[in-house]
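>>> After the sequence you'll find the predicted model.
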Amino acid sequence: MSNKVAVFIYEPITGDLSRAYRGLKTALEFVKAGDEVAVVFDGSGVETLAAVSDPSSKLNPILQAIKSSVEGACSFCSTSHSVKDAIVDAGYPLLTDFEGEASVRKFVSAGYTILNF
């Protein structure tokens, strides 16, 4: 049986690094198992996406391994946290599904289990 999992990363890279790491590794575990995975960076987690998009980041190899599962980052949060350009330059979409922000409901409605980090 295949799982449908949406991993939402809210933790900033300057916060609890182990939480950001755990979110990325959890997504990788599901990807490697062949599950349907969507990764969304929201809130302060947009800072994490900007930071780990840098090839010199120790977490960049994990991000590269799940890149095709990354849905993107909240547009509003990316702007308010001043990382919009870094995220766009790294090739990730800005999510505007709910009033200019990322939508959790979109994934719930599609039957995904939501995991928050």
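Structure's in. What do you need? Being a predicted model, the structure only gives us computed values, none of them experimental.
>>> what about the strands in this structure?
Assigned by DSSP state E, the strands in the chain fall at 4-9, 36-41, 70-74, 94-95, 113-116.
>>> got those strands as JSON lines, with distance to E29 and mean neighbour count columns?
Just so you know, the C-beta spots here come from the backbone N, C-alpha and C atoms, and that holds for glycine as well. Putting the strands of the chain into JSON lines (distance: least, CB to CB, whole Å; neighbours: other CB atoms under 10 Å) gives the following:
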{"stretch": "strand 4-9", "distance to E29": "9", "mean neighbour count": "23"}
{"stretch": "strand 36-41", "distance to E29": "9", "mean neighbour count": "24"}
{"stretch": "strand 70-74", "distance to E29": "15", "mean neighbour count": "25"}
{"stretch": "strand 94-95", "distance to E29": "23", "mean neighbour count": "21"}
{"stretch": "strand 113-116", "distance to E29": "11", "mean neighbour count": "15"}
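>>> between the ones you listed, which gets nearest to L28?
strand 36-41 (8.8 Å; CB to CB).
>>> G43 contacts F76, correct?
No: the pair G43 / F76 is not scored as a contact, 9.8 Å apart, by CB atoms under 8 Å.
>>> beta partners for the nearest residue in space to G111 that is not next to it in sequence?
Computed as CB to CB, 6 or more residues apart in numbering, the closest residue to G111 that is not its neighbour in sequence is K4, at 5.4 Å. For K4, the beta-bridge partners are E36 (DSSP bridges).
>>> go on, I114?
I114 has these beta-bridge partners by DSSP bridges: A6.
>>> so G72 makes contact with G91?
No: using CB under 8 Å, G72 is not in contact with G91; the gap is 9.8 Å.
>>> ok now do the residue nearest to P12 when sequence neighbours are not counted, which residues does it touch?
Spatial nearest neighbour of P12, chain neighbours left out: S44 (3.8 Å); criterion: CB to CB, 6+ apart. S44 makes contacts with Y10, E11, P12, G15, C77, H81, as judged by CB atoms under 8 Å, 6 or more residues apart in numbering.
>>> pretty sure the first one contacts L115?
Translated: Y10. No: judged on CB under 8 Å, Y10 makes no contact with L115 at a distance of 11.1 Å.
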